[in-house]
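A.B. asks: Fold the following and give me the result.
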Amino acid sequence: CSKNSHSKLGLDYKETMDCVSATFSKGMIDDYTQGNKALAEERKYWNEYGAHFYPSIVINNRTYRGSFDPDAVFNSLCAGILHP
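C.D. replies: Numbering: from 1, shown residues only. Now for the predicted structure:
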């Protein structure tokens, strides 16, 4: 659904995927076992200042909080696009 959504919104899918891939430690989004630099930096910041770390994603102006495993996020993104 992501490629289709990018197309409908006039966005560059490759540019988005390059940006997301750059946040993974080896730059390979397909290897979900590696660390994500953006999330690690956020976790470090919040732990340093005594706050709890609750990662979230905003999909169609709704905040998703839950498991950040790839399938759960993918399903939520697609659901947000199919049922805004």
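A.B. asks: distance of the residue lying closest to residue 35 once chain neighbours are set aside from residue 8?
C.D. replies: The shortest distance from residue 35 to any non-neighbouring residue, by C-beta to C-beta, 6 or more residues apart in numbering, is to residue 25 (4.6 Å). In this view, the C-beta of every residue, glycine as well, is placed from N, C-alpha and C. Distance of residue 25 to residue 8, given as C-beta to C-beta, to the nearest Å: 32 Å.
A.B. asks: which ones are touching the most centrally placed residue in the chain?
C.D. replies: Nearest to the mean C-alpha position of the chain, by C-alpha atoms, centre = their mean, lies residue 57 at 6.6 Å. Residues counted as contacts of residue 57 (C-beta atoms under 8 Å, 6 or more residues apart in numbering) are 63, 64, 73, 76, 77.
A.B. asks: now do 10 Å
C.D. replies: If you count contacts by C-beta atoms under 10 Å, 6 or more residues apart in numbering, residue 57 has them with 63, 64, 65, 66, 68, 73, 76, 77, 80.
A.B. asks: hang on, isn't the last one packed against residue 62?
C.D. replies: Yes - under the criterion of C-beta atoms under 10 Å, residue 80 is in contact with residue 62, at a separation of 6.9 Å.
A.B. asks: and the two? which has more neighbours close in?
C.D. replies: Comparing residue 80 with residue 62 by other C-beta atoms under 10 Å, the one with more neighbours is residue 80, at 18 against 10.
A.B. asks: List the buried residues in the host helix or strand of the more buried one.
C.D. replies: Residue 80 is part of helix 70-82 when elements are defined by DSSP states H and E. Applying a neighbour-count criterion of 16 or more other C-beta atoms under 10 Å, the buried positions in helix 70-82 are 76, 77, 80, 81.
A.B. asks: between these, which is closest to residue 19?
C.D. replies: residue 77 (15.2 Å; C-beta to C-beta).
A.B. asks: leaving aside the residues next to it on the chain, what's closest to that closest one?
C.D. replies: Using C-beta to C-beta, 6+ apart and skipping the chain neighbours, the partner closest in space to residue 77 is residue 59 (5.9 Å).
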